[in-house]
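Undergrad: I need the structure of the sequence given here:
(one chain, ligands or ions: 1)
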Amino acid sequence: MSEQIGVIGAGTMGQGIAQVLAQSGFTVSLFDIASEPLERALEAIDRSLARLVDKQRLSEAESEEARQRLTTTTDLETLADCSVIIEAAPEQAALKEKLFSDLDRLAPHSILASNTSSLSLTGLAAVCERPERVVGMHFFNPVPVLKLVEIIRAEQTSDATVEKIEQLTEAMGKISVRIADSAGFAVNRLLVPMINEAVFLLQEGAASAEDIDTAMKLGAAHPMGPLALADLIGLDVCLAIMEVLNDGFADPKYRPCPLLRRMVDAGYLGRKTGRGFYSY
Ligand code: CAA
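TA: You can find the predicted model right below:
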C-alpha cells in the first residue's frame, strides 16, 4: 500500500485535497463525523474525475485507480497510521482545537497539518503535547485547479515537519511558499481586503455587482471578479478573514464592510446557500 494520508472534513476543501492526493498515488482516508457528507464528497469527487477523463487529462484506468486509493471513515482512530493528517474542518477555533488535541493523542506519529485560512497555527500547536509536528498547509479553491499551497510555520513547528510538507506538496503537483504565522498569511491578506473593498463599492452604489466584476476581469485580468469570487469562497469565510485581519493588526483599513456583515447575517453566504452577490 502506498503512503497513507488522512483528510479531516468532507466539505469543498477536504474533497479537493482528498481527490488530488488520490490522483497523486497516495492512499487516502477521508474522515467526517457522519456518512452523508462523505457520500456527497465521493459523488463530487466522481464528477470531478469524470470531467478530467472527458477532457482527456486523466485516463479511465487512472481515474479508477485514484478512486480505489480513496476510502472514507467516521472513526478518527483509523487515521493513526497516516504519515500526515490534513485537517479541513469548518473554520471554528474550538472545533479545531478539540480535533488537534484528540489527534495528538490518537495519532502520535503523524504530522498534523491544518488547512485553516484564518486561525493561528501557533494556537493550534499549543493544545498538542508534541507541537513541533503541527503546521499549516493552506490550499486554494478549487483545489484540483489552483497550484499554490501556503506552508505556515507555527512558532513551535520543526524544520523536519516543514520539509516533509514541502515534499508532500510537490508530490501533489503543487507549488509551495513558506509564510510565517501572521494573520491572513499572504494570499488572504491581499485578496480578501480587495473583496471587502469591492463590497464597499457596491454598498456606496458606485457600480453594480456585474460592473465591479467586469472591471476587475477585463481591467486587471483576474479570472473572476471579486464579488463572484466572494460567492465562491463563502461570504462567511470572507467576513471571518476580515475579522482576523482587523483583530490581528488593529488597523481600520481592515474593517469589514457593513454590507458583507448584513449578507452573512441574512444567510446569503454565496454559492453554498444558492445566494450571495449573485443567485445560483
Ligand atoms: N474541480 C475540478 N476542476 C475544475 C473545477 C473544480 N471545482 N473548477 C474548474 N475546473 C477546471 C475546469 O475543468 C477547466 O479545466 P480545463 O482547463 O482543462 O478546461 C478549468 O478548471 C477552468 O474552468 P472553467 O473553464 O470551467 O472556468 P474558468 O476558466 O472560468 O475557471 C476557475 C474557473 C478555475 C474557478 C477560475 O475562475 C479561477 O481560478 N478563479 C479564481 C479562484 C480563486 O481565486 N480562488 C482562491 C480563493 S481563496 C481560497 O480558496 C483560500 C481561502 O482561504 C479563502
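Undergrad: before we move on, what SS does the residue in the stretch 151-280 of the chain that the ligand sits nearest to have?
TA: Going by CB to the nearest ligand atom, the ligand is nearest to residue 223 of the stretch 151-280 of the chain, at 3.6 Å. Glycine gets a C-beta too; all of them are placed from N, C-alpha and C. Secondary structure, DSSP: H, G, I helix; E, B strand; the rest coil: residue 223 is coil.
Undergrad: what about residue 138, how many residues close to it?
TA: Neighbourhood size, residue 138 [other CB atoms under 10 Å]: 24.
Undergrad: any idea how far the residue of the stretch 101-250 of the chain found nearest the ligand lies from residue 132?
TA: The stretch 101-250 of the chain approaches the ligand most closely through residue 117 (2.9 Å), counting by CB to the nearest ligand atom. Residue 117 is 23 Å from residue 132, where distance means CB to CB, to the nearest Å.
Undergrad: out of these two, which sits in the more crowded spot?
TA: Counted by other CB under 10 Å, residue 117 and residue 132 do not tie: residue 117 has more neighbours, with 26 against 15.
Undergrad: And the longest helix along the chain, what does it pack against?
TA: Ranked by residue count, the top helix of the chain under DSSP state H comes out as helix 35-54. Counting contacts by 3 or more CB pairs under 8 Å, 6 or more residues apart in numbering; DSSP states H and E, helix 35-54 is packed against helix 12-23, helix 60-68, strand 70-73.
Undergrad: So which of those is nearest residue 200?
TA: Minimum separation from residue 200 across the helices and strands packed on helix 35-54 (CB to CB) falls at helix 12-23, 26.6 Å.
Undergrad: do you know which of the helices and strands packed on helix 35-54 lies nearest residue 140?
TA: helix 12-23 (9.0 Å).
Undergrad: Which elements pack onto the closest one?
TA: Using 3+ CB pairs under 8 Å, 6+ apart, helix 12-23 is in contact with strand 4-8, strand 27-31, helix 35-54, helix 60-68, strand 70-73.
Undergrad: which one of these is the most hemmed in?
TA: Ranked by average neighbour count under the criterion mean count of other CB atoms under 10 Å, those are headed by strand 4-8 at a mean of 27.
Undergrad: what's the spacing between it and its chain's center?
TA: Its chain's C-alpha centre and that of strand 4-8 lie 14 Å apart, by CA atoms, centre = their mean, to the nearest Å.
Undergrad: where does the stretch 151-280 of the chain come near the ligand, residue by residue?
TA: Taking CB under 6 Å from any ligand atom as the contact definition, the stretch 151-280 of the chain meets the ligand at 188, 191, 223-224, 229, 233, 237.
Undergrad: if we can go back for a sec, wait, the residue of the stretch 151-280 of the chain closest to the ligand sits on residue 213?
TA: No: applying CB atoms under 8 Å, one finds residue 223 not in contact with residue 213, separated by 11.0 Å.
Undergrad: got the domain boundaries for this structure?
TA: 4-180, 189-270 (the TED database).
Undergrad: Same list, those domains, but as CSV with distance to residue 278 and mean pLDDT please.
TA: Below are the domains of the chain laid out as CSV (distance: least, CB to CB, whole Å; pLDDT from 0 to 100):
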stretch, distance to residue 278, mean pLDDT
domain 4-180, 17, 97
domain 189-270, 6, 97
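Undergrad: And the strands in this structure, which stretches?
TA: 4-8, 27-31, 70-73, 84-87, 111-114, 134-138, 148-153, 175-180 (DSSP state E).
Undergrad: and of the ones you listed, who's closest to residue 168?
TA: Nearest to residue 168 among these is strand 84-87; the distance by CB to CB comes to 6.0 Å.
Undergrad: Perfect, I'm done here.
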